[in-house]
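**Student:** coordinates only, no sequence provided:
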């Protein structure tokens, strides 16, 4: 039984590490594309807006999810936020 538990923990650790690696590579690729496609005179402004939107939206999303979770319940809040993310992904042309 102990071998099964250790095996399960190893898989979880590998999944987290793999997910973090994919996220880091995706971020690096997105920054590379942004830098290469932005005119030099606008690059600082574009990167600052990008940082504002990616890093500034996290606390706002947490506030929204926490408030919705208290009002409507955690399951409903996660469902609503997941649908919102899918909708925004479709609008962005993903």
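**Tutor:** Yep, it's here. Note that the coordinates shown come from a computational prediction; the quantities given were computed from them, not determined experimentally.
**Student:** so how many other residues sit close to residue 43?
**Tutor:** Residue 43 is flanked by 14 other residues according to other Cβ atoms under 10 Å. The C-beta positions use only the backbone N, C-alpha and C, and glycine is treated the same way.
**Student:** my guess is it meets residue 31, correct?
**Tutor:** No. Counting by Cβ atoms under 8 Å, residue 43 stays clear of residue 31, with 11.1 Å between them.
**Student:** quick one, helices of this protein?
**Tutor:** 2-37, 43-72, 74-91 (DSSP state H).
**Student:** kindly reformat those helices as JSON lines containing mean pLDDT.
**Tutor:** Output for the helices of the chain, formatted as JSON lines (pLDDT from 0 to 100):
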{"stretch": "helix 2-37", "mean pLDDT": "77"}
{"stretch": "helix 43-72", "mean pLDDT": "89"}
{"stretch": "helix 74-91", "mean pLDDT": "90"}
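**Student:** which outside residues touch stretch 50-66?
**Tutor:** For stretch 50-66, contacts defined as Cβ atoms under 8 Å, 6 or more residues apart in numbering pick out 31, 34, 77-78, 81.
**Student:** equivalent analysis for stretch 24-44, please.
**Tutor:** Under the criterion Cβ under 8 Å, 6+ apart, residues 46-47, 50 lie in contact with stretch 24-44.
**Student:** of those residues, closest to residue 11?
**Tutor:** Set against residue 11, the nearest of the contacts of stretch 24-44 by Cβ to Cβ is residue 50 (34.3 Å).
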